[in-house]
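Asks: no sequence on hand, only this structure:
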């Protein structure tokens, strides 16, 4: 029997390119401190280097993703791959702070063009399994990010700090032949020009965006304070790295299953249920008194994220008009990146002022509010039930009610 991925008709090299782009993000995450020491970078440079790609990706997803819906999916894939590879190569060759920032801008801009186009290909080929296939893609992304740091550390130890990015740039270029196998997904006649406004007016899209915002609010908090939080309980750097890998393990293993559940029961039910289970886990972080208990909570949190991640993407895919599938995924990515940045900026000072209980409690409360909004907007929309078998793009709804 053929695998789900094979039946979806998506070239393996497209998944490989997705993983490599994510690896580059993980590599920088793992090597920033060494780069700072090697080049005498000021502390604020770390924030600029880390945040430059997120901002560039947000802009690209918000404004360029729509061109994939207008018959330019293959072009967006090629431009995205070349731009991201150029950013990796530049990062491998330069040494100044602003050149590092410029490299990250290229990487983020490339990824912001590439990923909505990839999701459009996956959605168009998945039919009634769009949630499952988006979950599979999410597991590839997370797996790439998690493996990026240790792979980069090994390559850097053997060949120098710049070697990981040179290797990843070459590896990404080698996936290019896979793009030649991809046919242009069908496009809708006269797709709406005011893409963002058209999408926001749809209740199902707003529900999916709320699920994504809640998910990435928690991720942003996690990224900003997790190392500080565990250090305050006595953990060392090695333990912190292990906990990050453990948190990601359920996401890698279970995201396709989470997407399958979204296909069968509807992304609204699976997504809101996952967020409802996330809320007490976030609050629990503030009350556990040991690293071991925090790791247990993190493992459970990884399980809930494995269901929320494909649910949000599937909700937006199902609710977007046929002519705005990639634009919907770009909007989802932009909202996710923006929320992660906002929550990360707010979490650190809140942790310093109010402590662990207050910070995690506020995070849990915010996720609860977003989950309620997702439920309110999604009830009675196209998200409330299993996917319609006749829809080959996974977005049958036309509910424009506000």
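Replies: Cool, the structure landed. Please read these numbers as outputs of a predicted model, since none were measured by experiment.

Asks: from the chain's centre, how far out does the strand or helix carrying residue 349 sit?
Replies: Residue 349 belongs to helix 325-378 when elements are defined using DSSP states H and E. Centre-to-centre, helix 325-378 and its host chain are 14 Å apart (CA atoms, centre = their mean, to the nearest Å).

Asks: cool, and stretch 69-89?
Replies: On CA atoms, centre = their mean, the centre of stretch 69-89 falls 18 Å from that of its chain.

Asks: now do stretch 119-128
Replies: 17 Å.

Asks: low pLDDT regions in the stretch 151-300 of the chain?
Replies: For the stretch 151-300 of the chain, applying pLDDT under 70 flags the ranges 188-192, 237.

Asks: how about 80 then?
Replies: 180-181, 186-195, 223-224, 227, 236-241, 244-245 (pLDDT under 80).

Asks: need the helices for it, in chain order.
Replies: Ranges of helices in the stretch 151-300 of the chain, per DSSP state H, counting those that start in this stretch, are 163-174, 176-180, 195-200, 203-232, 237-265, 267-285, 291-319.

Asks: who does the longest one touch, helix- and strand-wise?
Replies: Judged by 3 or more CB pairs under 8 Å, 6 or more residues apart in numbering; DSSP states H and E, helix 203-232 is in contact with helix 237-265, helix 267-285, helix 291-319, helix 325-378. Glycine gets a C-beta too; all of them are placed from N, C-alpha and C.

Asks: tilt between the second one and helix 291-319?
Replies: Between the axes of helix 267-285 and helix 291-319, defined by axes from the mean of the first three to the mean of the last three CA atoms, to 10 degrees, the angle is 160 degrees.

Asks: what's stretch 289-303 in contact with?
Replies: 218, 229-230, 233-235, 239, 243, 246-251, 254, 278, 281-282, 284-285, 288 (CB atoms under 8 Å, 6 or more residues apart in numbering).

Asks: could you redo the last one with a cut-off of 6 Å?
Replies: Residues from elsewhere that reach stretch 289-303, judged by CB atoms under 6 Å, 6 or more residues apart in numbering: 230, 233, 235, 243, 246, 247, 250, 251, 281, 284, 285, 288.

Asks: in stretch 299-311, what counts as buried?
Replies: 300, 301, 302, 303, 304, 305, 306, 307, 308, 309, 310, 311 (16 or more other CB atoms under 10 Å).

Asks: and if you look at stretch 55-64?
Replies: Neighbour-count burial for stretch 55-64 [16+ other CB under 10 Å]: 55, 56, 57, 58, 59, 60, 61, 62, 64.

Asks: from the residues you listed, which single one is nearest residue 24?
Replies: Each of those was scored against residue 24 by CB to CB, and residue 57 proved nearest at 12.2 Å.

Asks: Provide a list of residues in contact with that closest one.
Replies: Taking CB under 6 Å, 6+ apart, we find residue 57 in contact with 108, 111, 112, 337.

Asks: show me the domain layout of this structure.
Replies: The chain resolves into domains spanning 1-181, 194-388 when parsed by automatic domain parsing.

Asks: can you redo the ones you listed as a markdown table with distance to residue 187?
Replies: Formatted as a markdown table, the domains of the chain follow (distance: least, CB to CB, whole Å):
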| stretch | distance to residue 187 |
| --- | --- |
| domain 1-181 | 5 |
| domain 194-388 | 7 |
